[in-house]
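>>> Build me a structure from this.
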Amino acid sequence: MSAHSHEIEEGLAFLPRFDASGLVTCVATDVATGDVLMVAHMNEEALRKTIATGDAWYFSRSRNALWRKGETSGQIQRVVEMRTDCDQDAVWIRVEQVGAACHTGRRSCFYRKVERADGEAKLVFADAERLFDPDAVYRK
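Okay, the predicted model is just below:
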């Protein structure tokens, strides 16, 4: 293991490793239940703002824009704890979720299960109740 690898894997300096697009993957889980709420990306600014404010900030690849979770919907995430993985290229945040985490109005973005039927994969809804109407909230 090189000195740099040792510092990243065993040291106490937070040295996030951003990918070629300048992003790290972020997994958000509910601090009370442990449920996975969403997976998103953070650029350096989103990560800095998350640490500074205690609110979850992300970078939208589709909109190419920084956004604070809940800025439009009111469905905010207060960060209780942040961790990084062994090589510091992913972040895990444990959050207090206000309302729904998913833009579809559901508590979690993981509201469908993959099941096998006749040798094929298909999706079935699980925990798919909507907590808000996305058309009303986002004015689509």
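
>>> which stretches of the protein have low pLDDT?
The chain contains residues with pLDDT under 70 at 1-3, 140.

>>> one more time with 80, if that's ok
Along the chain, the parts satisfying pLDDT under 80 run over 1-4, 140.

>>> mind listing the strands for the protein?
24-30, 36-42, 57-60, 65-68, 77-84, 90-97, 112-117, 120-125 (DSSP state E).

>>> How far off centre is the first one?
Centroid displacement of strand 24-30 relative to its chain, using C-alpha atoms, centre = their mean, to the nearest Å, is 3 Å.

>>> Now distance to R106 and mean neighbour count too, for the strands of the chain, in CSV please.
(C-beta placed from N, C-alpha, C; glycine too.) As requested, these are exported to CSV (distance: least, C-beta to C-beta, whole Å; neighbours: other C-beta atoms under 10 Å):
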stretch, distance to R106, mean neighbour count
strand 24-30, 13, 19
strand 36-42, 10, 20
strand 57-60, 17, 20
strand 65-68, 18, 14
strand 77-84, 15, 16
strand 90-97, 11, 20
strand 112-117, 10, 10
strand 120-125, 10, 9
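
>>> can you tell which of the ones you listed is closest to P16?
strand 24-30 (5.4 Å; C-beta to C-beta).

>>> who does that closest one pair up with?
strand 36-42 (antiparallel), strand 90-97 (parallel) (DSSP bridges).

>>> how many degrees apart are the shortest one and strand 77-84 in direction?
Put simply, strand 36-42 runs at 70 degrees to strand 77-84, going by axes from the mean of the first three to the mean of the last three C-alpha atoms, to 10 degrees.
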